[in-house]
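J.: Structure of the sequence below:
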Amino acid sequence: MHKTTPRRALLLLACQLAVACSTTAPVTVDDDLDNTTWRLTALPGDPAVAGPAATLHFAGRKVSGSDGCNRFSGSYTATGNSLRVAGKLASTMMACPEGTMQQAAAFGSALQRATAFRRDGRRLLLQDDAGNVLATLREQATGLAGSAWQVTGYNNGRQAVVSLLAGSDLTLAFSADGRLSGSAGCNRYHATYSSSAQDIRIGPAGATRRTCGEPPGIMEQEARFLDALASAALWRLDGDRLELRTAGGALAVSLAAAAGNAAATSDATSEHSLLYRCGKQSVRLSAGADRLQLLPDGPGFALQPVVTASGTRYIAANDERTSFWSRGERATLVVGGRNYPECQRQR
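T.: Numbers count the residues shown, from 1 in each chain. Reported below is the predicted structural model:
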């Protein structure tokens, strides 16, 4: 039997303290923004943000996203309701139309000036020291189920991402039951899929067996696109853009949100409608693009989207002779077969 000496007792106590310290849970700092993704819906003086989606993603003290023109990244701190973006954000250097650049600059300035934030349901308000709202964003959906997309580019199998042939239209829709389908340009196709936060697995595609000759090269494009789709292992949703990438990180397919896309548009719905002036006729397009109203006291129409190669076309649910074809700042209005002068968006 060993006698415990004072020296041995001190050593035992030191060991016990060391073990206790090593098992103490680390101190964490509350961060209500971590692992959240948002889409810009309003800036001061511009309550209906237009153009490419501006987005914001917080994860692991890193902030990233798109200002509608360029991608940016940096670091941030958030404790309680305080928010600080550290230093100048790193950004790509693309040039975009003047209106987009102005909106991008205003959004970037809001991020740098923000000192506080407030979450209001699915909305995020960035604020300055005086409590003024610098930007309003809405939480972005994080799943693919129920979303519809138009293909903008695909990997041609020769380590190059190419755009679509002129006159061709490729689409992709994810259903909630684990199936995807769309048009490969000539044939309709379908497959199964499963996805998690970042990973995606797409099963072998089945397709109809038509042969198309126009535009030239359409059948080769179809085969390359379906091969690229099958190679997807990762996915990333950024506003109205979706990227499917291979396990090695190479871009397989790039897509843009189709009209009425639940994943990319419903989460970004602004409280404000869009107003257009078509000659002497004013019209209001609802924020969800599901209703058109002739102003001041004209009839209203429930709308349904039709995917097109350019712009977004909406047809009245009960009258195919009534349509609204949006091309950003401009639009075409037809009511009961009557064509109105070209519409201009009103600010």
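J.: Just give me the neighbour total for the closest residue in space to L292 that isn't next to it in sequence.
T.: Counting by Cβ to Cβ, 6 or more residues apart in numbering, F301 is the residue found nearest to L292 once chain neighbours are left out, at 4.7 Å. Just so you know, the C-beta spots here come from the backbone N, C-alpha and C atoms, and that holds for glycine as well. Per other Cβ atoms under 10 Å, the neighbour tally for F301 reads 22.
J.: Could you tell me which strands the host helix or strand of F301 is paired with, and in which direction each runs?
T.: Secondary structure here is read from DSSP states H and E; on that basis F301 sits in strand 300-306. When pairing is defined by DSSP bridges, strand 300-306 lines up against strand 291-295 (antiparallel), strand 312-316 (antiparallel).
J.: Which residue, neighbours along the chain excluded, lies closest to the spatially most central residue of the chain?
T.: Centroid-nearest residue in the chain, with Cα atoms, centre = their mean: G239, separated by 1.4 Å. Across the structure, with Cβ to Cβ, 6+ apart as the measure, the residue nearest G239 apart from its sequence neighbours is A53 (2.6 Å).
J.: measure P52 to L144 for me?
T.: 20 Å (Cβ to Cβ, to the nearest Å).
J.: Then L333?
T.: In this view, L333 and L144 are 33 Å apart by Cβ to Cβ.
J.: What of L275?
T.: The value you get for L275 to L144, if Cβ to Cβ is used, is 33 Å.
J.: go on, A228?
T.: If you measure A228 against L144 using Cβ to Cβ, the figure is 17 Å.
J.: now Q344
T.: Taking Cβ to Cβ as the criterion, Q344 is separated from L144 by 35 Å.
J.: Could you list the low-confidence segments of the stretch 1-150 of the chain?
T.: Within the stretch 1-150 of the chain, the segments meeting pLDDT under 70 span 1-30, 46-51, 141-142.
J.: the helices in the stretch 51-200 of the chain, which residues?
T.: For the stretch 51-200 of the chain, helices defined by DSSP state H, counting those that start in this stretch occupy the ranges 98-113.
J.: just checking, T36 touches E139?
T.: Yes - with contact defined as Cβ atoms under 8 Å, T36 and E139 form a contacting pair (6.7 Å).
J.: what touches both of these two?
T.: Counting by Cβ atoms under 8 Å, 6 or more residues apart in numbering, the residues touching both T36 and E139 are L124.
J.: Show me where the stretch 51-200 of the chain has its strands.
T.: Using DSSP state E, counting those that start in this stretch, the strands of the stretch 51-200 of the chain run over residues 55-59, 62-66, 71-79, 82-91, 116-120, 123-127, 133-139, 148-155, 161-162, 171-174, 179-183, 188-195, 200-202.
J.: what lines up beside the shortest one in the sheet?
T.: Same thing as strand 161-162. For strand 161-162, the paired strands and their directions (DSSP bridges) are strand 148-155 (antiparallel).
J.: just the second one next, same as before
T.: Each strand paired with strand 62-66, and its direction, by DSSP bridges: strand 55-59 (antiparallel), strand 71-79 (antiparallel).
J.: Mind listing what's buried along that strand?
T.: Along strand 62-66, these residues count as buried under the neighbour rule (16 or more other Cβ atoms under 10 Å): 63-66.
J.: residue ranges with poor pLDDT in the stretch 201-347 of the chain?
T.: Checking the stretch 201-347 of the chain against pLDDT under 70 turns up 259-273, 287-288, 290, 297, 306-312, 347.
J.: Now do the helices in it.
T.: Residue ranges of the helices in the stretch 201-347 of the chain, as given by DSSP H, counting those that start in this stretch, are 218-230.
J.: Walking through it, point out its strands one by one.
T.: Listed in chain order (using DSSP E, counting those that start in this stretch), the strands of the stretch 201-347 of the chain are 206-207, 234-238, 241-245, 251-257, 274-278, 281-285, 291-295, 300-306, 312-316, 319-327, 330-335, 338-339, 343-346.
J.: Looking at those strands, spot the one closest to A110.
T.: When the strands of the stretch 201-347 of the chain are ranked by proximity to A110, the top entry is strand 234-238, at 18.4 Å, counting by Cβ to Cβ.
J.: Buried residues, stretch 70-80. List them.
T.: Within stretch 70-80, the residues that qualify as buried are 70, 72, 74, 76, 78, counting by 16+ other Cβ under 10 Å.
J.: now, which of the residues you listed sits nearest A104?
T.: The shortest separation between A104 and any of the buried residues of stretch 70-80 is 6.7 Å, and it belongs to N70 (by Cβ to Cβ).
J.: Quick check, the closest one in contact with A104.
T.: Yes - between N70 and A104 there is a contact under Cβ under 8 Å: 6.7 Å.
J.: quick one, what contacts the nearest residue to A114 once chain neighbours are set aside?
T.: In space, not counting the residues next to it along the chain, A114 is nearest to L126; the distance is 4.2 Å by Cβ to Cβ, 6+ apart. Counting by Cβ under 8 Å, 6+ apart, L126 touches 83, 110-111, 114, 116-117, 133-137.
J.: among the residues you listed, which ones are buried?
T.: Using 16+ other Cβ under 10 Å as the burial test, these include 83, 110-111, 114, 116-117, 134-137 as buried.
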